[in-house]
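Visitor: with the sequence up front, the predicted model follows.
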Amino acid sequence: MKALLIRDLRLATRAGGGFGLALAFFLIVCTLVPFGVGPQGGTLALIAPGILWVGALLSCLLSLDRIFALDHEDGSLDLLATAPLPLEGVVASKALAHWLTTGLPLVLAAPVFGILLHLPGPGYVWLVLSLALGTPALSVLGAFGAAVTVGLRRGGLLLSLLVLPLYIPTLIFGAEAVRRGAAGLDPWTPLVFLAAITLAVLALVPFAAASALRVNLR
Amino acid sequence: MTLLSVSGLAVARGGLRTLENLNFTLEPGQALILRGPNGLGKTTLLRTLAGLQPAVDGQIAADPDSTAYAAHADGLKSALTVTENLRFWAEVFGGDGIDQALSLMNLTELAARPAHALSAGQKRRLGLARLMVTGRAVWLMDEPTVSLDAASVGLFVQMVRGHLAAGGGAVIATHIDLGLAEARVLDLTPFKAAATRSGTGRAAGFNEAFG
Amino acid sequence: MSIWEYANPVKFMRASGAVLPWVVGGAAICTLGGLIWGFLTPDDFKQGSTVKILFLHVPAALMAINCWMMMLVASLIWIVRRHHVSALAAKAAAPVGAVMTLIALITGAVWGQPMWGTWWEWDPRLTSFLILFLFYLGYIALWEAVEDPDSAADLTGVLCLVGSVFALLSRYAVLFWNQGLHQGASLSVASGERMSATYRYPLYLAMLGFFLLTVALILIRTRTEIRRRRLAALLARENRA
């Protein structure tokens, strides 16, 4: 599993790996929103938690189809499936690599984008914390969607249609935590729910993803 | 100890049986060459033996961690060098012998070259060298000589002979004469599945269940 | 004779063919009866004549959820016991459920306009149905996208299981979300005990009608799917021979 993780990280950071694309996309979303809703700081501050969470979610979605599709095309996935590694482990490792290359940079960069959107002062801690708790679930659910659509032509579009509804609970609790934090309210209730969803997803969804992969490989 | 033993095996593609009533065994040091026209189900059989798809009927007796599969695609990452590609598969399979594999397939000079800079034949050689580092006893190979020149086919046969001498086994689907005289040849044509399903075995898929 | 006998396509076709006319007839009588009876009820003193949309809205909403439940059960049967008819029944139920969800959403909007003064309210109940509709769309799209029917059945089965958990999760998350924003505008009409018998009995009849209608549609669509599979199988065999 370690070898697979290191290989995926190395591939992501080499030429053509697409590392940083998600971050650039996040920046563009956060730049476009003020053009759409107007530059008034008050309006932006009001919607900043939601925009930041939706932006993070869409940026995450951008690179999902690469999780398995590339390995499927060049035959690596067949070989990984016959390796001594359980397929659930392959899924977990790939989702972790996706999170390290997409989710983690988003978490770290989010405060900067928060400034762009006039996020109120107390919200920053909760923004980083909620994204750190929520984005692993986005990566694992994305890996499930990628596993279901891996062999399909035009799988990318279908992937979004399948994965985005699964993101709803995470989005609701994540954005709610930031909103409450920014308003000076107690954000712990949504944060605890968010963490619970992430833990459950981490524990269970790799099995569903692995079974979908097995179907797509045969 | 028998490496691989198949009895009454039936395999299916697209919900229809392609081959059935297959019986064969593979002892250490043996190579088995599968022959048959296109579309008969050679790839399907190899994928079933590799455990990538379930058998429709019959048994495959083999240690699940004893087979290494080499498909049409080589599973190479173009951004990684030759050595990095091999080392990755060695680590995943827990095998070693990267240097030996490189020299056997005449890749030592290319070791530091990224895989996207290799020719088709060189990629194929790298893909076959991967079998060496898996440390698996049974090699399942699907058209291994595609895009190889005569000299490389010679290297490949030499590699397989070395593997057999070390107590391994190989199942090779190929159309050309490898010059591997000691190998048994299994013509799959007689095992082509009948158009109508006989017996009470499980349906291979929708097409058979509703056929 | 066990119920699994009907997993055999031939037996299923024979049995479903026999009951289908009765189900269709019952569905027509009960649905029309329920709706007409509902239309003839007196106007509500608070909601006026708009209340009559209830007889379309509530049964459709009920069936929207029941169709998903039925898909879940059928998917489980397919995954555990590999009965092909079960997978096809799940496939057949999805568009029926999606349309029922859409009817519930549209009638909800039409009803909401005079009642709440807006076509759409992010009320937890309405939002949950919108999310359910998204899940239906994804499920149908996946069936359409996968060419190999065996893979399609397996993949949609897994999606249905995961989707069920998340649809339920979303239901509670939405409840949390809207209460977080403003106090719920939940206008609960479905709680039957507060409704007078004048409305209750035609509603029950309409519900029975929609239930039979759903069963009829699913049976017809499953039979069509079985015939399509049979045709595809014969073609596949002919192409191979």
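Guide: Good, I have the coordinates.
Visitor: next up, the contacts around the residue of chain B found nearest chain A.
Guide: Going by C-beta to the nearest C-beta, chain A is nearest to B:Ala73 of chain B, at 2.7 Å. Using the backbone N, CA and C atoms, a C-beta is placed for each residue, glycine as well. Residues in contact with B:Ala73, defined by C-beta atoms under 8 Å, 6 or more residues apart in numbering or on different chains, are A:Glu73, A:Asp74, A:Gly75, A:Asp78.
Visitor: if we go to 10 Å?
Guide: Residues near B:Ala73 by C-beta atoms under 10 Å, 6 or more residues apart in numbering or on different chains: A:His72, A:Glu73, A:Asp74, A:Gly75, A:Ser76, A:Leu77, A:Asp78, A:Leu79, B:Lys123, B:Gly127, B:Asp142.
Visitor: going by distance to chain C, which of these wins?
Guide: For the contacts of B:Ala73, the minimum distance to chain C (C-beta to the nearest C-beta) is 13.5 Å, reached by A:His72.
Visitor: quick check: nearest residue in space to that closest one, chain neighbours excluded?
Guide: A:Val150 (5.0 Å; C-beta to C-beta, 6 or more residues apart in numbering or on different chains).
Visitor: per-residue pLDDT of that neighbour, please?
Guide: Predicted confidence (pLDDT) for A:Val150: 90.
Visitor: got the contact list for the closest residue to C:Pro149 other than its chain neighbours?
Guide: Computed as C-beta to C-beta, 6+ apart, the closest residue to C:Pro149 that is not its neighbour in sequence is B:Phe206, at 4.2 Å. B:Phe206 makes contacts with B:14-16, C:84, C:87-88, C:148-150, C:152-153, C:229-230, C:232-233, C:236, as judged by C-beta under 10 Å, 6+ apart.
Visitor: and with 8 Å instead?
Guide: B:Gly15, C:His84, C:Pro149, C:Asp150, C:Ala153, C:Arg229, C:Ala232, C:Ala233.
Visitor: out of the residues you listed, which are buried?
Guide: B:Gly15, C:His84, C:Pro149, C:Asp150, C:Ala153, C:Arg229, C:Ala232, C:Ala233 (16 or more other C-beta atoms under 10 Å in any protein chain shown).
Visitor: of the residues you listed, which is the nearest to A:Ala195?
Guide: C:Ala153 (35.1 Å; C-beta to C-beta).
Visitor: which stretch of helix or strand covers the closest one?
Guide: Using DSSP states H and E, C:Ala153 maps to helix C:149-181.
Visitor: okay, the buried ones among the contacts of B:Phe206 in a markdown table with distance to B:Asp96 next?
Guide: Shown next, in a markdown table, are the buried ones among the contacts of B:Phe206 (distance: C-beta to C-beta, whole Å):
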| residue | distance to B:Asp96 |
| --- | --- |
| B:Gly15 | 41 |
| C:His84 | 47 |
| C:Pro149 | 44 |
| C:Asp150 | 39 |
| C:Ala153 | 42 |
| C:Arg229 | 50 |
| C:Ala232 | 49 |
| C:Ala233 | 49 |
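Visitor: picking up where we left off before, how near is the residue nearest to C:Pro149 to B:Val171?
Guide: Here the criterion is C-beta to C-beta, to the nearest Å. By it, B:Phe206 lies 29 Å from B:Val171.
Visitor: surely the residue nearest to A:His72 is in a helix?
Guide: No: assigned with DSSP: H, G, I helix; E, B strand; the rest coil, A:Val150 falls outside any helix and is coil.
Visitor: need the contact list for it.
Guide: Applying C-beta under 8 Å, 6+ apart, the residues near A:Val150 are A:Phe68, A:Ala69, A:His72, A:Leu77, A:Ala212, A:Leu213, A:Asn216.
Visitor: so which of those belong to helices?
Guide: A:Phe68, A:Ala69, A:His72, A:Leu77, A:Ala212, A:Leu213, A:Asn216 (DSSP state H).
Visitor: count the residues that sit near C:Asp43.
Guide: Here the number of neighbours of C:Asp43 (other C-beta atoms under 10 Å in any protein chain shown) works out to 11.
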